[in-house]
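Enquirer: sequence and predicted model, in that order:
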Amino acid sequence: MRSLESILAKHPFFENLNEEHMALITGCASNARFNSGEFIYRHDEEANSFFIIREGKVALEICPPGKSPVIVQTVSDGEVLGWAWIVPPFHWQFDAQAVELTRAIVLDGKCLRNKCSQDPGLGYEILSRLLPVIGKSMEATRMQLLDIYRINK
Amino acid sequence: MEQTQDAMVPKAYRVQNLIEESHDTFSMVLVPKAQGVVESFKPGQFNMLYAFGVGEVPISISGAGSDKMGLVHTIREVGFVTRALHQLKKDSTVGLRGPFGRAWPIETAKGSDIIIMAGGIGLAPLRPAIYALMEQRDQFGEIAVLYGARTPKDLLFANEFKDWRGKYGIQVKITVDTADRDWKGNVGVVTSCLPRVSFDPDHAMAMICGPEIMMRYSILELKQLGVAENQIYLTMERNMKCAIGFCGHCQFGPSFICKDGPVFSYPEIRRFFTVREI
Amino acid sequence: MEIPGLIDREGLNQLINTLNELGYQVIGPSVKDEAIVYETLKSVNDLPEGWTDEQEGGFYRLKKRKDKALFGYVVGPHSWKKFLHPPERRLWKAELDGIDFKVFPEKLENPKYAFIGVRSCELHAISIQDKVFLNSDHTDPVYQTNRKDAFLVAVQCGQSAATCFCTSMNTGPRSDKGFDLALTEIIEDERHYFVVEVGSEKGSNVLKKIAHTQCTSEDEQKAIKQSEKVASTMQRNLDTNNIKDALYKNIESPQWEKIAERCLSCANCTMVCPTCFCSTVEDVTDITGNHAERWQKWDSCFTMDFTNLHGGKVRASTKSQYRQWLTHKLASWQEQFDSSGCVGCGRCITWCPVGIDLTEEVPKICSDNVLDDSTSKTDEA
């Protein structure tokens, strides 16, 4: 069985992170498994986890009243799920539901926040890896907002 | 007076078959009425289709190149002419001029990994290229098809993906902009699939077709991953009347989309690609 | 080169008659609607004898001359493209039969034109349109038919209009090729004659049929001197050095917006331009719905629906339309057809209702770089 640390080190999000930081992060880690259809978190719940997806697929959903839930993004293998754990007031914005059997390593949000404040070097590493994820997600949102495949009748 | 062969005069083709591809898109298989032989074409080329009394539209050929069964055109109903074409019954006559334009660089692509990026109806002009790659599968390295659409019900040719993956070992990644719970696939922009396919950026060629904005951000992502600009090909679209470089409508800087394109290498059009109202 | 001939007014009349007898439809300048336009000529009497034109930005007036010159003006609102590349023509007809229809291509006519009074800039314009319609992958059959038998009688300009700038575009004022015959009209106190240069075998054969004398070297020199004088007194100027790169570099120049504040998008510049070639097609049906036709018509990059795409317009603003026109004419044309699309005839200046003058605008658009301001037009006109 592979250790959590070696699994994390192989995940693209932590590529080239130094061993010292890797060890700090592993201290906050635990394994998780979500069955297809299982909710990982729901809108407005306290956000205290950072999900490193090993395999599977998670849908971020919004459910407007009177309508079926709308999937706005999916997150899968090699990606990370959630950044609300690092942004006060630490509440989730969407519902996250496993679309298929999903294995992840969960980093405890409080634990990670504490370590980041104690070691700004680690904080910088995490943020500079998280920022492109947030940025890409925002760019994608703008593209989806443009609805470029719609017909202009 | 002697009749000159005039590229402006349509030839009569018979609607051999009609296929509903999605709620707003259909395919029309055309065979010539007079001569028995289907016009040969290269992947990426287009025809001008004429609906009697209504008008003419440029439509890419979306079927197989080696297919002698007929010319397949996949058409999205967006205006008067496409609506009129959609209303035609089997065996009706359609006017056809073509094929026109420059093709996907299939020959040049040999030996490379291939990344196909399609958005919306953009998969139609790329399908003949995909067929050509499959026909000579051993001539190419990794092949990835990344296809983005608005919603799952807008996806075209979905019944073929299994074969593309299974029989030909193509990495097919499908994504949609939004979906409901029934959709078990990806939701996100087409570029979000790029990190999930394997190819060697130093030996890869990309072929992109979709809305111009989708192509812009696809090019940015490809460049970021290290794909060389001159290995990126895309198709451009502009208003078109004649398809032979005479009417002037399709000009894009110095390029006539109809005869210099519709397929361009990115460096050929880069200078004006993001100039507004060019 | 064959020694030029000399003819008088009667000789010119004979030239028109001879061309008519040879089966040509003879077209030349004629006064109509207070302008000099190109119309069918029956005799020398149809030419605008004693008329001249005064031109400026947005200004065109005919005035009487003191002499009886037959070609004492420059170019008017017409150009020869209206004969070679007709403003509208039916491409084909189609008849519906149930769910089937048949297409009947339009029969090609062979009008066999003789053009009298083609100016040097216009000869260049014709050769530019030849590249567009004859030297591409496809050939325009109507242009080809109209062009292949056309007999071109050039006239070497005896004066320039204030709007002319052919010397900048290397298209005049004197033409040395591209014609069958070229006339230089010389008017002296007692003499009114034409030096006739021969530019082709066809031209030589026609000259043989009309009464002429051999031109003396003195008369030939007079003709050349006259052209030199026209060249030296040309009032407008456009620096074409690096013009393509300069315009491309300034594709976002604020000057485009300033021009758009004046430009009415009327498309006059494109209609009078002797090289503009854009067209559109129109599909029509009769009231039964069984008979359909397709027509090709001149179009302009200034028209509302020129760039329609998926229900929107790619070039919606006047700024972008003018920019397309000017950069096509002076820059991208070079990449497409290996020459400028402008021949310096000045029609777009004269016939612009608000007098937009490209020779003034180009230096302003390119003021940031590349173009040397010292050679741009001054306001002494």
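Expert: Happy to help now that I have it.
Enquirer: residues in contact with the closest residue to chain C within the stretch 101-250 of chain B?
Expert: Ranking the residues of the stretch 101-250 of chain B by distance to chain C (Cβ to the nearest Cβ) places B:Gly248 first, at 3.4 Å. Yep, even glycine has a C-beta here, placed from its N, CA and C like the rest. Contacts for B:Gly248 were tallied using Cβ atoms under 8 Å, 6 or more residues apart in numbering or on different chains; they are C:Phe277, C:Cys278, C:Ser279, C:Asp299, C:Cys301.
Enquirer: try 7 Å this time
Expert: Contact analysis of B:Gly248 by Cβ atoms under 7 Å, 6 or more residues apart in numbering or on different chains lists C:Phe277, C:Cys278, C:Cys301.
Enquirer: what about residue 90, how many neighbours?
Expert: Reading this off chain A. Using other Cβ atoms under 10 Å in any protein chain shown, A:Phe90 has 15 neighbouring residues.
Enquirer: my bad, chain C
Expert: Count around C:Arg90 with other Cβ under 10 Å applied: 13.
Enquirer: quick one: buried residues of the helix or strand containing it?
Expert: Under the criterion of DSSP states H and E, C:Arg90 resides in strand C:88-97. Burial within strand C:88-97, assessed by neighbour count using 16 or more other Cβ atoms under 10 Å in any protein chain shown, is assigned to C:Leu91, C:Trp92, C:Ala94, C:Leu96.
Enquirer: please name the bridge partners of the residue nearest to A:Ile52 when sequence neighbours are not counted.
Expert: Closest residue to A:Ile52 apart from its sequence neighbours, by Cβ to Cβ, 6 or more residues apart in numbering or on different chains: A:Ile105 at 4.4 Å. Counting by DSSP bridges, A:Ile105 forms beta bridges with A:Asn31, A:Ile52.
Enquirer: around chain C, pick out the residues from chain B.
Expert: Residues of chain B lying close to chain C (Cβ under 7 Å from any Cβ of the partner chain) are B:1, B:3-4, B:6-10, B:12, B:52-55, B:78, B:89, B:91-93, B:95, B:237-239, B:241, B:244-249, B:251, B:253-254, B:259, B:271, B:275, B:277.
Enquirer: any of these buried? List them.
Expert: For those, a burial check counting by 16+ other Cβ under 10 Å picks out B:6-10, B:12, B:52-55, B:78, B:92-93, B:95, B:237-239, B:241, B:244-249, B:251, B:253-254, B:259.
Enquirer: narrow these to those in helices?
Expert: Secondary structure assignment by DSSP state H places B:Lys259 of these in helices.
Enquirer: show me which residues of the stretch 51-200 of chain B sit near chain A.
Expert: Residues of the stretch 51-200 of chain B found near chain A (Cβ under 7 Å from any Cβ) are B:78, B:119-120, B:149-150, B:154, B:177-181, B:183-184, B:186-189, B:192, B:195-196.
Enquirer: of those residues, keep whichever come out buried.
Expert: Among those, the ones that count as buried (16+ other Cβ under 10 Å) are B:78, B:119-120, B:149-150, B:154, B:177-179, B:183, B:186-189, B:192, B:196.
Enquirer: ok, so of those, who is nearest C:Glu56?
Expert: The shortest gap between C:Glu56 and any of those belongs to B:Val78, at 47.3 Å (Cβ to Cβ).
Enquirer: ok, the closest residue to C:Glu106 other than its chain neighbours - contacts?
Expert: Excluding the flanking residues, the one nearest C:Glu106 by Cβ to Cβ, 6+ apart is C:Arg90, at 5.0 Å. By Cβ under 7 Å, 6+ apart, the contact set of C:Arg90 is C:Glu106, C:Glu293, C:Trp295.
Enquirer: min pLDDT across the residues you listed, which one?
Expert: Least confident entry in the contacts of C:Arg90, by pLDDT: C:Glu106, with 93.
Enquirer: so who does that residue touch?
Expert: C:Arg90, C:Leu91, C:Trp92.
Enquirer: so who does the second one touch?
Expert: Translated: C:Leu91. B:Met8, B:Val9, C:Glu106, C:Arg294, C:Trp295, C:Gln296.
Enquirer: any idea of the pLDDT on the residue sitting furthest away from the middle of chain C?
Expert: When distances are taken from the C-alpha mean of chain C, C:Gly98 lies farthest, 46.5 Å away, according to Cα atoms, centre = their mean. Note for C:Gly98: predicted pLDDT of 90.
Enquirer: try B:Ser66
Expert: 54.
Enquirer: equivalent analysis for C:Asp368, please.
Expert: So, for C:Asp368, pLDDT stands at 67.
Enquirer: give me the most central residue, chain A.
Expert: Using Cα atoms, centre = their mean, the most central residue of chain A is A:Leu81, at 1.4 Å.
Enquirer: and that residue, its phi and psi?
Expert: Dihedral pair for A:Leu81: phi -120, psi 120, per degrees, to the nearest 10.
Enquirer: if I look at it, how far off is A:Glu46?
Expert: Using Cβ to Cβ, to the nearest Å, one gets 16 Å for the distance from A:Leu81 to A:Glu46.
Enquirer: contact residues of chain A facing chain B?
Expert: Going by Cβ under 7 Å from any Cβ, the residues of chain A near chain B are A:59, A:68-74, A:78, A:99-100, A:140, A:143-144, A:146, A:148-151, A:153.
Enquirer: looking at those residues, which are in helices?
Expert: Using DSSP H, the residues of chain A next to chain B in helices are A:Ala140, A:Met143, A:Gln144, A:Leu146.
Enquirer: circling back: for the contacts of B:Gly248, which single residue is the most surrounded?
Expert: Comparing those by number of neighbours (other Cβ under 10 Å), C:Cys301 comes first, having 24 neighbours.
Enquirer: my read: that residue touches C:Gln321, true?
Expert: Yes - the pair C:Cys301 / C:Gln321 is scored as a contact, 5.9 Å apart, by Cβ atoms under 7 Å.
Enquirer: quick check: bridge partners of B:Ile232?
Expert: With DSSP bridges as the criterion, B:Ile232 is bridged to B:Ala206.
Enquirer: quick one on the thing from earlier: can you tell me which of the buried ones among the residues of the stretch 51-200 of chain B next to chain A is nearest C:Gly76?
Expert: Nearest member of these to C:Gly76, counting by Cβ to Cβ, is B:Val78, at 44.0 Å.
Enquirer: not counting sequence-adjacent ones, nearest residue to that closest one?
Expert: Distances taken as Cβ to Cβ, 6+ apart put A:Ile151 closest to B:Val78, at 5.1 Å, once the chain neighbours are dropped.
Enquirer: quick check, pLDDT for that neighbour.
Expert: On pLDDT, A:Ile151 comes in at 76.
Enquirer: now do the SS call for B:Ile19.
Expert: Secondary structure state of B:Ile19, per DSSP: H, G, I helix; E, B strand; the rest coil, is strand.
Enquirer: mind listing what it touches?
Expert: B:Ile19 makes contact with B:Phe26, B:Ser27, according to Cβ under 7 Å, 6+ apart.
Enquirer: apply 6 Å and report the result again.
Expert: B:Ser27 (Cβ atoms under 6 Å, 6 or more residues apart in numbering or on different chains).
Enquirer: any idea which element A:Ala9 lies in?
Expert: In the assignment (DSSP H and E), A:Ala9 maps to helix A:4-10.
Enquirer: how far off centre is stretch C:158-170?
Expert: 13 Å (Cα atoms, centre = their mean, to the nearest Å).
Enquirer: mind listing what's buried along that stretch?
Expert: C:Gly158, C:Gln159, C:Ser160, C:Ala161, C:Ala162, C:Thr163, C:Cys164, C:Phe165, C:Cys166, C:Thr167, C:Ser168, C:Met169.
Enquirer: that's all I had, so thanks and see you.
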